[in-house]
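**Q** Provide a 3D model corresponding to the input given below.
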Amino acid sequence: MTILFVRGLTVMDFSYLHAERGLLGESWIVDVTLHGSLDDQGMVLDFSDVKKQVKRLVDERFDHKLIVPLTSDCTHIDGDPEQPSVSFIYGSHGKTIVHSSPPSALCLLDAVAVTTDTVAQAIEAELMAIMPSNVRKIEIDLHEETIDGAFYHYSHGLKQHCGNCQRIAHGHRSRIEIHRNGQRDLLLEEEWAARWHDIYIGSREDLVEASSEKHHYHYTASQGEYDLVLPAERCYLIDTDSTVENLAAHIADLLGKQNPDDDIRVDAYEGVGKGAVGIST
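**A** Model prediction:
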């Protein structure tokens, strides 16, 4: 038996439904290990094939989707199969999330909860079905980025995006770095991480109904029609689309107005290892 591994093969950026915290944006790094015998090339599997097949499966089935724990008591699915509606009741006070979209924006996970283990098991099972016969076992390890500092989980949708970012409830786990006059300001970083803790960042023009109890977002994009209802306390409104460029500029602009004598630079991340810089003017 020979073991082949690829660390950090790709990153899953997605949102999921949690029985206590509700809608959560997340970013998981994907590691893969293959166990098997050597083929005619003296390999378990060519590295390029490992990367292509694993990344293709993750991208098509899990990435930039809302992952729904199908067998959870919190989950209820109704409506047309072409436009399924997911209702999810979470937390001790029975808060409700309602999500409607084309089926391509959903991953219905056959599990009570969405965890690194349950998602890894689903990926492993689907990969084994397409592996050559010499591959005897696949192990997928999903894990968060190690962040020494402030970070937040956020969900959003980019209706003008021509690809999968248009899906109304996908998200990221993101670090934030704020520099005031050339020095990291850890207190400001923690303040923003707390402000955007488990948040949905919505565009004001997509908000079709708002009250002190709930926000209702709706838009139509190239892949179809999207609808999302969330508790108002879990929402943060901005005047633009919620691209990471706009988010970095938004934070820098607010901090610049609050600290007019300081030079502010915001490095806002979108998941792992990518992001944008905002500078106060």
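**Q** ok, which stretches of the protein are helices?
**A** 47-61, 116-128, 186-195, 244-258 (DSSP state H).
**Q** okay, those helices, which one's buried deepest?
**A** When you average the neighbours per residue for each of those (mean count of other Cβ atoms under 10 Å), helix 244-258 leads with a mean of 18. From N, CA and C alone the C-beta is placed, and that goes for glycine too.
**Q** how far does that helix sit from the chain's center?
**A** Distance of helix 244-258 from its chain centroid, counting by Cα atoms, centre = their mean, to the nearest Å, is 22 Å.
**Q** for it, list the C-alpha coordinates in CSV.
**A** Extracted in CSV, the C-alpha atoms of helix 244-258 (Å, rounded to 0.1, in the frame of the first residue of the first chain):
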residue,chain,number,x,y,z
VAL,A,244,-14.4,42.5,-0.9
GLU,A,245,-13.2,45.7,-2.7
ASN,A,246,-16.3,47.5,-1.5
LEU,A,247,-16.1,46.0,2.0
ALA,A,248,-12.5,47.2,2.4
ALA,A,249,-13.4,50.6,1.1
HIS,A,250,-16.5,50.8,3.4
ILE,A,251,-14.6,50.0,6.6
ALA,A,252,-11.7,52.4,5.6
ASP,A,253,-14.2,55.2,4.8
LEU,A,254,-16.0,54.9,8.1
LEU,A,255,-12.8,54.7,10.1
GLY,A,256,-11.4,57.7,8.2
LYS,A,257,-14.4,59.8,9.1
GLN,A,258,-14.1,58.7,12.8
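**Q** related to what we said a few turns ago, what would the helices of the chain look like in JSON lines with mean pLDDT?
**A** Shown next, in JSON lines, are those (pLDDT from 0 to 100):
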{"stretch": "helix 47-61", "mean pLDDT": "91"}
{"stretch": "helix 116-128", "mean pLDDT": "97"}
{"stretch": "helix 186-195", "mean pLDDT": "98"}
{"stretch": "helix 244-258", "mean pLDDT": "97"}
